[in-house]
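> Pasting the sequence and the predicted model now:
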Amino acid sequence: MGGAVSSGRDNNELVDNLVNGHYIRTRKVENVFRALDRADYMTPEARDQAYKDLAWRNGPLHLSSPCIYSEVMEGLELRTGLSFLNVGSGTGYLSTMAGLIIGSTGISHGVENNPAVVEYAVKKLCQFIEKCAALDDFDFCEPKFYCGNGLCLAPLQSGYDRVYCGAACPPDYENYFKNLIKVGGVLVFPLNDTLQQVKRVSEDKWVSRELLNVSFATLHMPHRDLPPDSVRLGQLTLLLSVDSDHEMIPFFFNDNNGRDEQDIQLMVIDTLCPLQCRSGFSKKPKILSGTTIALVTLRQDVKSHLPSNFTSYGALETETQ
């Protein structure tokens, strides 16, 4: 699908047309579309096609039409601090736009089946970080790309706030995708030739609405010899602080690496020291002085039982051991 709006002479004119056509409806989505020049994610010989409202393909590389990406970005209802999973992340174009909205307290994971496409996405991300002048205007969540089949994700300790699938969902996998989002989360994916927005309203209830008629290639089915949990994503880890006048209260739960509460307390560190943890993490959070922090992996159902003097500063990512 494409051709819903007129072609632009450059990226800004293309965005103007998407706004005038009501495909882009919010300022935050408009801002990230302007920050990323679509041509930068295409091969050099295809740059003259970049500002047309058409899908682009070159071998395994693919970009959906701008009107579809606009509907996806609006339908995801992204905001600061959310976790985002992009299944079929391709060139990384959409993951990078999402990262400009969810910011450095968010998490952005992309899963792509083709190793060459993952390499291309990493290259384009590096070029964006190095050359994009507009990046100074954003608090950016750098996407992390994983190579593997998105239908073979290892069980998640916690669902994602937002999930997008960039290829048509096989009918038998509808519930698989719905269960990737946590309660309150949003899934946008192509199903039965429609782009659908699905919201999880309880553990066993979802509500959906159709956004757009689309035609997507179907996700590659995993090879029968491929383990169903062959793709392991980074953990979603909360950064918590406790006022320095209080003692650290013991944690009475385990994370998925089997650490007990005593082991977790050994990870408590002082902000006057370098912010490090044996698990490691990719982003340096902004912490108020005079606090003590701990890196703890929590299930969603225990967050509500935290002591009242704990404050969540957002999510960090730790490597799966």
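Noted; the coordinates are in hand.

> those strands in the chain, which residues are they?
For the chain, applying DSSP state E gives strands covering 56-58, 61-63, 83-87, 107-112, 144-147, 160-165, 181-191, 194-202, 205-213, 235-243, 269-270, 291-296, 310-318.

> what sits up against the third one?
Which is strand 83-87. Residues outside strand 83-87 that contact it (Cβ atoms under 8 Å, 6 or more residues apart in numbering) are 76, 78, 94-95, 98-99, 102, 106-111, 141, 143, 150, 160-167, 177, 180, 219, 233, 236, 315. Yep, even glycine has a C-beta here, placed from its N, CA and C like the rest.

> what's the nearest residue to Ser230 if we skip its chain neighbours?
Sequence neighbours aside, Cys152 is the residue nearest to Ser230 in space, at 4.6 Å (criterion: Cβ to Cβ, 6 or more residues apart in numbering).

> Kindly apply the preceding question to Met97 instead.
Met97 sits nearest to Val32 (Cβ to Cβ, 6+ apart), 4.4 Å away.

> I'd like to know how many residues surround the one you found.
Using other Cβ atoms under 10 Å, Val32 has 21 other residues around it.

> Against Ala50, how distant is it?
16 Å (Cβ to Cβ, to the nearest Å).

> Quick check: the closest residue to Pro60 other than its chain neighbours vs Gly234, distance?
Nearest residue to Pro60, sequence neighbours excluded (Cβ to Cβ, 6+ apart): Asn114, at 4.8 Å. Distance of Asn114 to Gly234, given as Cβ to Cβ: 20 Å.

> cool, and Leu156?
Plainly put, Leu156 is 11 Å away from Gly234 if you go by Cβ to Cβ.

> sorry, back to before: am I right that the residue nearest to Pro60 is in contact with His62?
No. Judged on Cβ atoms under 8 Å, Asn114 makes no contact with His62 at a distance of 10.1 Å.

> Other residues contacting stretch 60-68?
With Cβ under 8 Å, 6+ apart as the test, stretch 60-68 has contacts from 1-5, 14, 18, 21, 23, 33, 38, 41-43, 53-57, 69, 72, 90-91, 93, 114, 116-117, 120, 166, 195, 212, 214, 216.

> Pull out the buried members of those.
Burial by neighbour count, 16 or more other Cβ atoms under 10 Å: within the contacts of stretch 60-68 this picks out 1, 4-5, 14, 18, 23, 33, 38, 41-42, 53-56, 69, 72, 90-91, 93, 114, 117, 120, 166, 195, 212, 214, 216.

> wait, Val186 sits on Leu76?
Yes. Val186 is in contact with Leu76 according to Cβ under 8 Å; the separation is 5.9 Å.

> Give me the more crowded residue out of the two.
Taking other Cβ under 10 Å, Val186 and Leu76 do not tie; Leu76 has more neighbours (25 against 21).

> And the nearest residue to that one once chain neighbours are set aside, what's its pLDDT?
Closest residue to Leu76 apart from its sequence neighbours, by Cβ to Cβ, 6+ apart: Arg162 at 5.0 Å. Looking at Arg162, its pLDDT reads 97.

> How many residues are close by Arg162?
Arg162: 26 neighbours (other Cβ under 10 Å).

> Cys152 reaches Leu226, doesn't it?
Yes. Using Cβ under 8 Å, Cys152 is in contact with Leu226, at 5.8 Å.

> Tell me which of the two has more neighbours.
Cys152 (17 against 14).

> Show the residue spans covered by the helices in the chain.
All helices of the chain, identified by DSSP state H, fall at 11-20, 27-35, 66-76, 93-102, 115-131, 174-178, 261-265.

> Please identify the most buried of those helices.
Across those, the average number of neighbours (mean count of other Cβ atoms under 10 Å) peaks for helix 93-102, which reaches a mean of 26.

> quick one: average pLDDT of stretch 35-51?
Mean predicted confidence for stretch 35-51 is 95.
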